[in-house]
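Colleague: Got a predicted model here, sequence first, then my questions.
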Amino acid sequence: MNIALRRIDAEEAGNKAGFGSVDIADIGRRASRLGIEIADIVGLIDDLGGLGRAQLETLRGVVRSARESGETNSRLAQSMEEARNSAAETRTILETGAATLASTLSHAVDNMRTLSEGVLGFNESLEKVSATIAMVREASASINEIARETQLVALNASIEAARLGETGKGFAVIGSAVKVLADQISAFAKQNETSLAALQGTLSDLSERTRQSARTAEAAVEASNEAAEATRTLQSLSTTVQQLTGRIEGMADPVQRNIDSSARLGQNVRELASLSKSCQGKLDAAGQRSQAILDISEDFILFIAQSGIETPDTPVIEICRMTADTISELFTSAVDRGEISMSDLFDENYVPVPGTDPQQVLTRFTAFTDRVLPAIQEPVILLNERITFCAAVDRNGYLPTHNLIYSKPQGDDPVWNAANCRNHRIFNDRTGLGAGRNTKPFLLQTYRRDMGGGNFVLMKDVSAPIVVKGRHWGGFRVGFKP
């Protein structure tokens, strides 16, 4: 039964049902337009859903950031409190230490000055003792001189006594006694000289050490003065720490206000995220319902077409169905001739092509379809001015061989590749899978075609099943303008 006869029968049926002179074909046109509008609404809802999901994820990130900010502020407040306590303790320790050090240094300086003065006085006493020893040594030298003269007198007495003989015996006794006395005086004088020399050496060493002690004491006094300066620096540091403590205490209030604000911000953002999640749920529900409405509209259009009512899409539908039958016969004949086996023709091992973006894949039947399908698919584009593309896809949405205009070699730009290198790719979206897995006489879908770079084109897609030896291989798709 041809299309014209079906339309006449439908018009007669409409007249019998009471529609009068209503143009039944107008129902088809309006149904087709309705499908386009529903598909556009579905696309917009999908876009809103995507934006909502992105917004929800962003809000979740903000919630996490607000939580982390609150935790950071709390740690900052705790650290500031610890720093304030540490600064206060440090200030107390510095003040106590500075006071104690200043007092100790003051006493030490006084003691060292007293010691230095005592050492200097002791050194003066040693100088007096040295002077006395010098006088004693002079006296000892005089005694030695007297002892030598006495020895000389004794010697003269002995000589005189010897000359006088018996008369000079008395002189001999006196001379001998004087000599013994002179010898003893001389020995004592020498011993005294030795002792005085040793004492002088000891006094000299003691005097040198005393002078060194005096210099050390003076250096200690000078160091104590420098230490006193350090004490003043320590006291100044204590004042600085006190000022720092005051500044830390002054920062505590703004930090606490920041903590409170962060808490309120976090609560507001959580509420906003909850609201966004609720809206997202409603958008998802709206998306599901819109998809259901789109399915109903597609089934309705299928029902209209199968009822014999001609629509603006009927010519394209017939082209698609006839071409699908032609490809089914072509594949079956190729299998019969042994050009390709059934296992190769139904291969589902999709091997990625390295370095492609978007990803392209190959199967064991890709070379076969690249060889035989262009001769069938290219003329189809010229059969109707609304047709934009046509291609066979397997049941998983794999499109091995596209029209030549969409089968250019890939370049470096993924966006350009997405629009111009559409062969050897898997399109497993709703429309692609629907076309590949449909087993009804035909499936008419309306969708937004992704051209890459965020660009979409509203399209209609009609597909018919391709069957090889009773086995469903996939479908033949025809994309055309609404």
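Modeller: Thanks, I have it.

Colleague: Do a quick rundown of the helices in the stretch 101-250 of the chain.
Modeller: Along the stretch 101-250 of the chain, counting by DSSP state H, counting those that start in this stretch, helices occupy 169-306.

Colleague: which is the next helix or strand following the lengthiest strand in the chain?
Modeller: Identified as the longest strand of the chain according to DSSP state E is strand 455-468. Using DSSP states H and E, the helix or strand that follows strand 455-468 in sequence is strand 471-480.

Colleague: same for that following strand, what does it pack against?
Modeller: Taking 3 or more C-beta pairs under 8 Å, 6 or more residues apart in numbering; DSSP states H and E as the contact definition, the neighbouring helices and strands of strand 471-480 are helix 314-337, strand 387-394, helix 430-437, strand 455-468. Heads up, the C-betas are built off the backbone N, CA and C, glycines and all.

Colleague: Quick check: can you name the pairing partners of the last one and their directions?
Modeller: Paired with strand 455-468 in the same sheet, following DSSP bridges, are strand 443-452 (antiparallel), strand 471-480 (antiparallel).

Colleague: Could I get those strands in TSV, plus columns for mean pLDDT, distance to S195 and mean neighbour count?
Modeller: Supplementary listing: these in TSV, determined by pLDDT from 0 to 100; distance: least, C-beta to C-beta, whole Å; neighbours: other C-beta atoms under 10 Å:
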stretch	mean pLDDT	distance to S195	mean neighbour count
strand 443-452	75	120	20
strand 471-480	97	134	24
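
Colleague: how about these in TSV, adding distance to Q410?
Modeller: Converted to TSV, the strands paired with strand 455-468 look like this (distance: least, C-beta to C-beta, whole Å):
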stretch	distance to Q410
strand 443-452	12
strand 471-480	21
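
Colleague: L206 is nearest to which of those strands?
Modeller: Comparing those against L206 with C-beta to C-beta, the closest turns out to be strand 443-452 (105.6 Å).

Colleague: before we move on, back to that, which stretch among the helices and strands packed on strand 471-480 is buried most, on average?
Modeller: Per-residue neighbour counts averaged over each of the helices and strands packed on strand 471-480 give the maximum for strand 387-394, namely a mean of 24 (mean count of other C-beta atoms under 10 Å).

Colleague: what pairs with that strand, and is each one parallel or antiparallel?
Modeller: Sheet pairing of strand 387-394 (DSSP bridges) gives strand 471-480 (antiparallel).

Colleague: mind putting the helices and strands packed on strand 471-480 in a markdown table, distance to L444 and mean pLDDT included?
Modeller: Formatted as a markdown table, the entries for the helices and strands packed on strand 471-480 read as follows, by distance: least, C-beta to C-beta, whole Å; pLDDT from 0 to 100:
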| stretch | distance to L444 | mean pLDDT |
| --- | --- | --- |
| helix 314-337 | 7 | 96 |
| strand 387-394 | 14 | 97 |
| helix 430-437 | 10 | 93 |
| strand 455-468 | 5 | 89 |
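
Colleague: closest to P374 out of those?
Modeller: For P374, the closest of those is strand 387-394, at 10.2 Å, according to C-beta to C-beta.
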